[in-house]
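**Q** I'll drop the sequence and a predicted model, then ask my questions.
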Amino acid sequence: MGSDWQTKLLTPPGPAGVAVLEVAGPDVWRALARIGLAERPVGALALAALQLPNGPGDEALLWVRAEERVELHVHGSGPLLDELSLALAGTRIDPVGLEDRAFQALAAAPSRTGARLILAQAEGALRQRLESLASADSRSARAGLETLLAHSRACTPWFSPQRLVLQGPVNAGKSTLFNALVGYERVITSDEAGTTRDAIIERIQLGTVPIDLIDTAGLRAVTAESLEGRGQALGQWLAQSADWTLYLVPPGERTPCPPGAIALPTQADRPGAHPGAISARNDPAGSAQAVCDLILPRLGLPEPLPWGEPLLWEPAQRTDLEATLADSDRSCAQAWITRMLAR
Ligand SMILES: Nc1nc2c(ncn2[C@@H]2O[C@H](COP(=O)(O)OP(=O)(O)OP(=O)(O)O)[C@@H](O)[C@H]2O)c(=O)[nH]1
Ligand SMILES: [Mg+2]
């Protein structure tokens with residue numbers, strides 16, 4: 001005999017005090033019998049002990065919302081919910097719909113702006129755009145997807161923190177600037193050359209953008225095997241794989257800024273300071289602003305902030321669409337939209 005019921009998590013996925021699982025369909029009471037629950041009339045609200053295949057389960061608040069719709073209010077533990085869902089429907093709780101996936105990503109959004117942009121997708125912005133493209137002719141659908149992809153790429157710094165490395169000679173003021181950007185005395189600073197040896201990483205917000213900021217050992221001639229030499233090598237390696245490197249240039253420093261790095265003169269108040277220098281020790285806020293002014297325009301973020309606009313927030317969604325658009329077959333774009341809408 002076939003079974004006709006579905007389970008759906010009504011609360012956002014992730015750890016929580018309480019989770020609400022809806023069981024709905026003509027066979028709802030047959031499903032609930034699997035966890036030891038007897039039929040009750042519409043409107044009933046009761047505490048019920050759940051019986052799972054492996055033994056006693058959670059205690060649930062059971063609410064019969066309608067003829068074929070029952071809510072179970074249980075503790076919001078992932079493993080317990082999975083066990084309950086397996087007993088009821090034979091599958092784990094998995095956010096499969098576009099909106100459910102957006103809700104899941106929302107919990108881990110690394111910035112306020114990123115969270116608000118993802119929230120719009122949880123509320124249906126992406127689905128609405130895809131539905132309108134689904135009814136367009138294939139040429140317009142492809143053009144619409146190209147715009148969606150370009151826009152989504154432009155917004156990625158709000159979802160995927162960029163890496164910014166502070167590099168430069170010893171005593172350039174890297175750690176002082178690091179503290180200014182983090183907002184408190186996170187690392188030791190001193191006029192002793194070679195104070196920082198290890199690499200230190202902290203998540204900061206530069207304007208609206210989440211950044212993983214990394215302080216590194218200062219550069220000067222030392223043996224490769226020394227602790228300082230190993231710290232310098234680690235810093236070089238991190239700078240090579242970073243999105244951005246700020247090369248701090250103290251007064252009197254003549255070594256040229258390495259290719260690809262952005263020069264930032266420091267210690268403006270000292271003799272021999274280079275033009276445009278910051279002073280992280282005397283003006284932390286002004287120095288943080290100077291870093292914003294150097295980095296943010298380079299990110300090419302859309303302006304004004306694209307509140308409510310549809311976008312692909314998952315890297316896999318973007319690479320998948322990229323591959324689809326690389327295929328010249330016109331039907332690919334339509335097929336991609338259908339696939340996304342079915343999720
Ligand atoms: N006068 C002046 N001193 C500063 C400024 N910024 C930092 N300093 C001082 O310069 C010294 C070195 O600063 P740090 O931030 O430790 O320099 P660093 O580049 O991290 O040095 P290492 O870790 O040794 O590579 C400290 O005594 C700071 O207080 C500034 O803007 N003006
Ligand atoms: Mg330092």
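**A** Perfect, I can see it now. Ligands and ions are numbered 1, 2, ... in the order given.

**Q** how many neighbours does residue 35 have?
**A** Residue 35 has 21 neighbours, counted by other C-beta atoms under 10 Å. Any C-beta I mention is one placed from the backbone N, CA and C, and that applies to glycine too.

**Q** let me know the helix or strand that the spatially closest residue to it that is not a sequence neighbour is in.
**A** Closest residue in space to residue 35, ignoring its immediate chain neighbours: residue 50 at 4.8 Å, by C-beta to C-beta, 6 or more residues apart in numbering. Taking DSSP states H and E as the criterion, residue 50 maps to strand 45-52.

**Q** re the thing from before, and the residue nearest to residue 35, what does it touch?
**A** Residue 50 makes contacts with 35-37, 56-60, 72, 74, 84, as judged by C-beta atoms under 8 Å, 6 or more residues apart in numbering.

**Q** now the strands for the protein?
**A** 6-9, 16-24, 45-52, 55-66, 69-76, 162-167, 200-206, 209-215, 244-249, 262-265 (DSSP state E).

**Q** out of those strands, nearest to ligand 2?
**A** With C-beta to the ion, the closest approach to ligand 2 among the strands of the chain belongs to strand 209-215: 6.0 Å.

**Q** so what strands line up beside the closest one?
**A** Using DSSP bridges, the strands paired with strand 209-215 are strand 162-167 (parallel), strand 200-206 (antiparallel).

**Q** my read: residue 66 touches residue 41, true?
**A** No: using C-beta atoms under 8 Å, residue 66 makes no contact with residue 41, being 11.1 Å away.

**Q** with adjacent residues omitted, what lies nearest to the residue in the stretch 1-150 of the chain that ligand 2 sits nearest to?
**A** Proximity of the stretch 1-150 of the chain to ligand 2 (C-beta to the ion) peaks at residue 110, 25.4 Å away. Sequence neighbours aside, residue 210 is the residue nearest to residue 110 in space, at 4.0 Å (criterion: C-beta to C-beta, 6+ apart).

**Q** up against ligand 1, what does this structure have?
**A** 170-176, 189-191, 193-196, 218, 266-267, 269-270, 279-282 (C-beta under 6 Å from any ligand atom).

**Q** so where's the stretch 201-343 of the chain shaky on pLDDT?
**A** 343 (pLDDT under 70).

**Q** quick one, helices of this structure?
**A** 28-33, 78-89, 98-107, 112-122, 125-134, 138-155, 174-182, 227-241, 284-295, 315-326, 331-341 (DSSP state H).

**Q** just the CA atoms of the last one, as PDB, please.
**A** Read that as helix 331-341. Coordinates of each C-alpha in helix 331-341 appear next as PDB, following Å, rounded to 0.1, in the frame of the first residue of the first chain:
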ATOM      1  CA  SER A 331      17.800  24.700 -24.400                       C
ATOM      2  CA  CYS A 332      20.500  24.300 -21.600                       C
ATOM      3  CA  ALA A 333      19.400  27.600 -20.000                       C
ATOM      4  CA  GLN A 334      15.800  26.600 -19.800                       C
ATOM      5  CA  ALA A 335      16.700  23.200 -18.400                       C
ATOM      6  CA  TRP A 336      18.800  24.800 -15.700                       C
ATOM      7  CA  ILE A 337      15.900  27.100 -14.700                       C
ATOM      8  CA  THR A 338      13.600  24.100 -14.500                       C
ATOM      9  CA  ARG A 339      16.100  22.200 -12.400                       C
ATOM     10  CA  MET A 340      16.500  25.000 -10.000                       C
ATOM     11  CA  LEU A 341      12.800  25.600  -9.600                       C
END
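
**Q** residue 66 and residue 41: which is more packed in?
**A** residue 66 (10 against 7).

**Q** residues in contact with that one?
**A** residue 42.

**Q** what about 10 Å?
**A** Listed by C-beta atoms under 10 Å, 6 or more residues apart in numbering, the contact partners of residue 66 are 24, 28, 42-43.

**Q** in JSON lines, list those along with neighbour count.
**A** Listed next are the contacts of residue 66 as JSON lines, based on neighbours: other C-beta atoms under 10 Å:
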{"residue": "24", "neighbour count": "19"}
{"residue": "28", "neighbour count": "24"}
{"residue": "42", "neighbour count": "11"}
{"residue": "43", "neighbour count": "9"}
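
**Q** can you put those in JSON lines and add pLDDT?
**A** Shown next, in JSON lines, are the contacts of residue 66 (pLDDT from 0 to 100):
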{"residue": "24", "pLDDT": "93"}
{"residue": "28", "pLDDT": "95"}
{"residue": "42", "pLDDT": "97"}
{"residue": "43", "pLDDT": "97"}
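
**Q** how about the nearest residue to the residue of the chain found nearest ligand 1, chain neighbours excluded?
**A** The chain approaches ligand 1 most closely through residue 218 (2.2 Å), counting by C-beta to the nearest ligand atom. Nearest residue to residue 218, sequence neighbours excluded (C-beta to C-beta, 6+ apart): residue 170, at 3.1 Å.

**Q** my read: that neighbour touches residue 220, true?
**A** Yes: Residue 170 lies in contact with residue 220 (C-beta atoms under 10 Å); the separation is 4.8 Å.

**Q** between these two, what contacts are shared?
**A** Common neighbours of residue 170 and residue 220 (C-beta under 10 Å, 6+ apart) are 193-194, 228, 232.

**Q** of all those residues, which comes closest to ligand 2?
**A** residue 194 (8.4 Å).
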